[in-house]
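Q: What shape does this take:
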Amino acid sequence: HNNKQEILDTLVNGFKPIIISTDEYLEYLEISNDGFILTNKWILKLKKEKRDELYSIQVVSTYVKVLSCYQNSSSNERTYNIEIFNGKEYLSVIVDSTVLTTQGCKELLKYGCIFNETDNKVLLEYLSNSAFSAPIKNVHDSLGWNWETDSPTFLTGKIISTSEYESEYVGSLDLKPKGSLDTWLEMVEQEVRNNTNLEHCLSIGFSSILLGYLNHYMDLGCLVFNFCNTSSKGKTTAAMLIASIFGNPELEKGTIVSMNSTKNAIIGFASRSNCHTICFDEASSCDRKFFREILYQIAIGSDKKRENPDGSLKEQKTFNSCVVCTSEFSIIDSTAPNGLRTRIFELNFPLTNSAENSDNIKKCVFQNYGYAGIKFAEFIVNYKIETIIDDYNHSMKILKKNHNDSDLHEGELTDRILSKLAVILL
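A: Numbers count the residues shown, from 1 in each chain. Just a heads-up that it's a prediction; the model follows:
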């Protein structure tokens, strides 16, 4: 079969038909799929003119194949992963279902697939056959808890559930695990353990899944932490450590981005990262007023309500996550309103022990990430989901007791603050 396909590749001369004998027609029919032959470079179609007993091979297009069908459980839409040979290399592209229509198949042209528009009906027949025989993969492009199933499921790099249902994340964040969990855990043992500050950072990193669950039953909003101190105190390293729990810790790849963006872009990122701890690095790049405004909006856990031109409300972006910012200034001072004081917590102490400690953490998390979050989510969904609320209430009792036993002043905001910190203790 391969030899015959290679021979056909050498015979194709543009889109001119190839005249063949009856015997050749029968031979090629054996290696065809409903009359179509897929070579390394071309899509060909066997043709038979009964009236004149003429046999030929029609050149339909350059190589194109549907590798898989993606069924999106978030939107119920179907897309196709299509492989294309552009004359130089093979490309894999994701296109929507309109590719199986007369107009939609023209989308393939911009990726280097070549065909005659007059023959696109034959191409559509081939694409439909290819799509029909391609494996179907369940995918999702949203994150966080899904409450539409019999028991809650958690959407991260893959779906975490008690059933055998499988789904893979295809959104904009890089949540595909890399390296190994063992190497990551060894780094935590050597570089993080016994450093209370970094241990606290890890707790923040794992807490978003719990916060998202609790927000289904009570109004906690988001937890925001501002790591504010001077340079070389480990702020960015701590943010990368946190980001490595669920995904790629490289800036602008996974759940860590620069705050040098518009409000809409920042809120949009927070919404896409629902129930995953997100990190905004170098918040010092924006002014204090903007910083306060955007953090307050994030802490609420939703975008501002906006209207469409017809007066109807636009769909509001919502999210429940722990949020970490790194900056060189504090925003909680005598002028800060109570809304900020109960929603934003500041850590102004050094986070890493030394430059070597910081380098070792960075070196590891750049090569090993994404596994810890999946393991933790599996543990929560399979073993802890029935006790989360009871455990949270227990954490609240512990914090209140410790606060009452201390010399700290109890004010009107104490309970609201403790209700948020209990998520981290949980």
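
Q: what pairs with Phe85 across the strands?
A: On the basis of DSSP bridges, Phe85 is bridged to Tyr90.

Q: how deep is the nearest residue to Leu181 once chain neighbours are set aside tucked in, by neighbour count?
A: Leaving aside its sequence neighbours, Leu181 sits nearest to Tyr371 (Cβ to Cβ, 6 or more residues apart in numbering; 3.7 Å). C-beta: built from backbone N, CA, C; applies to glycine. When neighbours are counted by other Cβ atoms under 10 Å, Tyr371 registers 21.

Q: so Tyr371 touches Ser180, yeah?
A: Yes: between Tyr371 and Ser180 there is a contact under Cβ atoms under 8 Å: 7.1 Å.

Q: Give me the phi and psi for the closest residue to Ser92 other than its chain neighbours.
A: In space, and not counting its chain neighbours, Ser92 is closest to Glu83: 5.4 Å by Cβ to Cβ, 6+ apart. Backbone torsions for Glu83, taken as degrees, to the nearest 10, come to phi -100, psi 130.

Q: tell me the helices in the protein, going along the chain?
A: Using DSSP state H, the helices of the chain run over residues 2-11, 22-30, 120-133, 181-187, 196-214, 235-243, 263-272, 288-300, 338-341, 355-365, 371-379, 388-405, 414-425.

Q: Give me whichever of these is most buried.
A: helix 235-243 (a mean of 27; mean count of other Cβ atoms under 10 Å).

Q: So what touches that one?
A: 192, 197-198, 201-202, 204-205, 227, 229, 249, 254-256, 277-279, 281-282, 324, 326-327, 351-352, 358, 361-362, 365-366, 369 (Cβ atoms under 8 Å, 6 or more residues apart in numbering).

Q: What average pLDDT does it get?
A: The average pLDDT for helix 235-243 rounds to 94.

Q: quick check: angle from it to helix 355-365?
A: Put simply, helix 235-243 runs at 30 degrees to helix 355-365, going by axes from the mean of the first three to the mean of the last three Cα atoms, to 10 degrees.

Q: can you list the weak-confidence ranges in the stretch 1-150 of the chain?
A: 1-2, 4-7, 9, 50-52 (pLDDT under 70).

Q: can you pull out the strands in it?
A: 18-20, 36-38, 42-49, 54-62, 64-72, 78-85, 90-96, 136-140, 144-146 (DSSP state E, counting those that start in this stretch).

Q: Direction included, what does the first one pair up with?
A: Strand partners for strand 18-20, identified by DSSP bridges, are recorded as strand 54-62 (antiparallel).

Q: How about the third one?
A: For strand 42-49, the paired strands and their directions (DSSP bridges) read strand 36-38 (antiparallel), strand 54-62 (antiparallel).

Q: ok, the residue nearest to the spatial centre of the chain to Lys420 distance?
A: Among the residues of the chain, the one closest to the centroid is Leu173, at 3.6 Å (Cα atoms, centre = their mean). Plainly put, Leu173 is 25 Å away from Lys420 if you go by Cβ to Cβ, to the nearest Å.

Q: And for Ala270?
A: In terms of Cβ to Cβ, Ala270 sits 17 Å off from Lys420.

Q: which residues of the stretch 151-300 of the chain score low on pLDDT?
A: Across the stretch 151-300 of the chain, the ranges flagged by pLDDT under 70 are 230, 284.

Q: do the stretch 301-426 of the chain as well
A: Those would be 304-316, 337, 408-409, if you go by pLDDT under 70 across the stretch 301-426 of the chain.

Q: what bridges to the closest residue in space to Gln58 that isn't next to it in sequence?
A: Once flanking residues are discounted, Gln58 sits nearest to Lys45: 4.3 Å by Cβ to Cβ, 6+ apart. When assigned by DSSP bridges, Lys45 has beta-bridge partners Phe36, Gln58.

Q: Lys45: how many residues sit nearby?
A: 21.

Q: give me every residue that touches it.
A: Residues counted as contacts of Lys45 (Cβ under 8 Å, 6+ apart) are Gly35, Phe36, Ile37, Ile57, Gln58, Val60, Val122, Tyr126.

Q: go with 7 Å
A: Applying Cβ atoms under 7 Å, 6 or more residues apart in numbering, we find Lys45 in contact with Gly35, Phe36, Gln58, Val60, Val122.

Q: Need those in JSON lines (columns: distance to Asp391).
A: As requested, these are exported to JSON lines (distance: Cβ to Cβ, whole Å):
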{"residue": "Gly35", "distance to Asp391": "63"}
{"residue": "Phe36", "distance to Asp391": "59"}
{"residue": "Gln58", "distance to Asp391": "67"}
{"residue": "Val60", "distance to Asp391": "61"}
{"residue": "Val122", "distance to Asp391": "62"}
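
Q: ok, and what's touching stretch 115-133?
A: Outside stretch 115-133, the residues that touch it by Cβ under 7 Å, 6+ apart are 15, 33-34, 36, 43, 45, 58, 60-61, 65-66, 69, 80, 99-100, 102, 105.

Q: Adding distance to Thr156, write the helices of the chain out as TSV.
A: Listed next are those as TSV, based on distance: least, Cβ to Cβ, whole Å:
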stretch	distance to Thr156
helix 2-11	41
helix 22-30	47
helix 120-133	28
helix 181-187	14
helix 196-214	8
helix 235-243	13
helix 263-272	13
helix 288-300	20
helix 338-341	30
helix 355-365	17
helix 371-379	6
helix 388-405	17
helix 414-425	18
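
Q: between those helices, which one is nearest to Asn76?
A: Of all those, the one in closest proximity to Asn76, counting by Cβ to Cβ, is helix 120-133 (17.2 Å).

Q: Tell me the gap between stretch 389-407 and the middle of its chain.
A: Centroid separation for stretch 389-407 versus its chain: 35 Å, with Cα atoms, centre = their mean, to the nearest Å.
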